[in-house]
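# next one to model:
(chains A and B)
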Amino acid sequence: NAGVTQTPKFRVLKTGQSMTLLCAQDMNHEYMYWYRQDPGMGLRLIHYSVGEGTTAKGEVPDGYNVSRLKKQNFLLGLESAAPSQTSVYFCASSYTTSGRYNEQFFGPGTRLTVL
Amino acid sequence: DQQVKQNSPSLSVQEGRISILNCDYTNSMFDYFLWYKKYPAEGPTFLISISSIKDKNEDGRFTVFLNKSAKHLSLHIVPSQPGDSAVYFCAASGTDSWGKLQFGAGTQVVVTP
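Numbering: from 1, shown residues only, chains lettered A, B, ... in the order given. Below you'll find the predicted structure:
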């Protein structure tokens, strides 16, 4: 049982390049999330998904797109990377969203640098 | 507009003593609160939570207190151990946000021998 995994762990991009971050979970969770963590700002929600084939915008969605073609996978895409997207990206999943079952399980993170 | 605030970016405590981490929130619709712990180069891991119908929840060395009238919660770690050195995030969810979590900026705890 690997939990939540993310690939890659590190990436350096040049401004304007594109990339996709992959998140996979083996807990059969319906809900999946992408966050970014920046110094002094905690974790901010980029996009989330309430089930296979569905996605929705979070707090900071601009410059990112997502897809959830399979229940266990949640992809985060950057079409044209900008230096402001330099951050650590975390994927998370949860069984549900209410009360005590809203415990989110996090992946190890992807450190992205955009030059 | 940060709805969850952790005003102490860092805390240093001696091994064996109590660590007290504070968190304030502004949204009165929040009804569930969680604390996460994060080590360097790892993702956050769930530590303890509390529902708004309670004012205290205890799990081993960790206790979370909730003061709804003050919109304040705190995490107590007793006794503090070197392995507790990590960043602690406070998070909240509410009935008006579908269940999405709002995170504070985190508090770096360092436990010294």
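# write out the residues of chain B neighbouring chain A.
By Cβ under 8 Å from any Cβ of the partner chain, the residues of chain B that approach chain A are B:2, B:4, B:6, B:9, B:31-32, B:34, B:36, B:41-46, B:49, B:51, B:89, B:93, B:98-101, B:103-106. C-beta here means a position set from N, CA and C on the backbone, and glycine is covered the same way.
# give me the buried entries from the residues you listed.
B:4, B:6, B:31-32, B:34, B:36, B:43-44, B:46, B:49, B:89, B:93, B:99-101, B:103-106 (16 or more other Cβ atoms under 10 Å in any protein chain shown).
# average pLDDT for stretch B:52-62?
For stretch B:52-62, mean pLDDT is 96.
# next one: stretch A:3-23
pLDDT averaged over stretch A:3-23 gives 97.
# need the strands for chain B, in chain order.
B:4-5, B:10-14, B:19-25, B:30-38, B:45-51, B:56-59, B:62-67, B:72-77, B:86-94, B:102-103, B:107-112 (DSSP state E).
# go ahead and flag the most central residue of chain A.
A:Trp34 (2.5 Å; Cα atoms, centre = their mean).
# was I right to think it contacts A:Leu78?
No - in this structure A:Trp34 lies outside contact range of A:Leu78 using Cβ atoms under 8 Å: 11.1 Å.
# who touches both of those two?
A:Tyr64 (Cβ atoms under 8 Å, 6 or more residues apart in numbering or on different chains).
# which residue, other than its chain neighbours, is closest to B:His72?
Spatial nearest neighbour of B:His72, excluding adjacent residues (Cβ to Cβ, 6 or more residues apart in numbering or on different chains): B:Asp24 at 5.3 Å.
# now do B:Val78
B:Ile18 (4.7 Å).
# count the neighbours of the one you found for me.
13 (other Cβ atoms under 10 Å in any protein chain shown).
# and for the one 3 residues further on?
Here the count is done by other Cβ under 10 Å, and B:Leu21 has 21 residues near it.
# wait, it sits on B:Leu11?
Yes - contact criterion Cβ under 8 Å: B:Leu21 and B:Leu11 qualify, at 6.6 Å.
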